[in-house]
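Q: mind looking at a prediction? Sequence and model below.
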Amino acid sequence: MDKSKNEIFRITSFLLAAVFIHAGCQLIEQKNVTPPQQQESNESGTGQTSSTINQINKMRLTTPSFENNGTMPRDFTCDGRGVNPPLKISEVPAGTKSLALIVDDPDASSGDWVHWLLWNISPGNTDIIEDSIPLGATQGTTSYGKPGWGSPCPPNGTHRYFFKIYALDTEISLNSKAKKSDLLEAMNGHILERTELVGLYKR
């Protein structure tokens, strides 16, 4: 009888230990799992996860000069007048204090060529006229080493030019010496919505 009781005791102890070990492993796994919102990639490049950006993105960026993913006219490139295209921003979200624009080329040999930086665009001024900047807005230093529109001039193949507009809940305190990295850092945590327009060009 004693031997039988001892055997039952050992089996019970073994089963309880297995249960506790399993529960402990599950707890450790749960602690090591990153919440979904922290796993989301930051495609805007601001360090701000997409979960902090308005998920219902209604804002739009268009131009009468070309369709999204369409060919940019020569006028806006180094083969033409080299001026900025006209842009139309619509459905700006409520609470927007300013708008910022980044135009870059990820197909450049350097991996990222910045053609235009523009910030502190008034949310009430949703039209950027051809060959001009909105009143009160500031232009940053591009990959050409100076502020202003840098006209596309791809050395080979078709390049994509991303026009990215950001609705911000603040104004940006930067001067014209600021570069793309400075603007991205300043926008971090302040993006309400973003949208983009893509133009193509091949010489």
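A: Arrived safely, thanks for sending.

Q: and the helices in this protein, which stretches?
A: Assigned by DSSP state H, the chain shows helices spanning 2-32, 36-39, 180-187.

Q: what about the nearest residue to Asp127 once chain neighbours are set aside, neighbour count?
A: The shortest distance from Asp127 to any non-neighbouring residue, by Cβ to Cβ, 6 or more residues apart in numbering, is to Lys88 (5.9 Å). Placement of C-beta: from N, CA and C, glycine included. Other residues near Lys88 come to 13 when the count uses other Cβ atoms under 10 Å.

Q: again with the one 3 residues further on
A: Taking other Cβ under 10 Å as the neighbour definition, Glu91 ends up with a count of 13.

Q: surely it is in contact with Arg60?
A: Yes. Counting by Cβ atoms under 8 Å, Arg60 is a contact partner of Glu91 at 5.5 Å.

Q: looking at the chain, which helix or strand is least sure?
A: In the chain, no helix or strand scores lower on mean pLDDT, DSSP states H and E than helix 36-39, which sits at a mean of 34.

Q: quick one: residues contacting Thr96.
A: By Cβ atoms under 8 Å, 6 or more residues apart in numbering, the contact list for Thr96 reads Pro123, Ala167, Leu168, Asp169, Leu192.

Q: switch to 7 Å and redo it
A: Thr96 sits next to Pro123, Ala167, Leu168, Leu192 when contact means Cβ atoms under 7 Å, 6 or more residues apart in numbering.

Q: same question for stretch 190-198: list its buried residues.
A: Going by neighbour count (16 or more other Cβ atoms under 10 Å), the buried part of stretch 190-198 is His190, Ile191, Leu192, Glu193, Arg194, Thr195, Glu196, Leu197.

Q: now, which of those residues sits nearest Cys153?
A: Nearest to Cys153, judged by Cβ to Cβ, of these is Leu197 at 19.4 Å.
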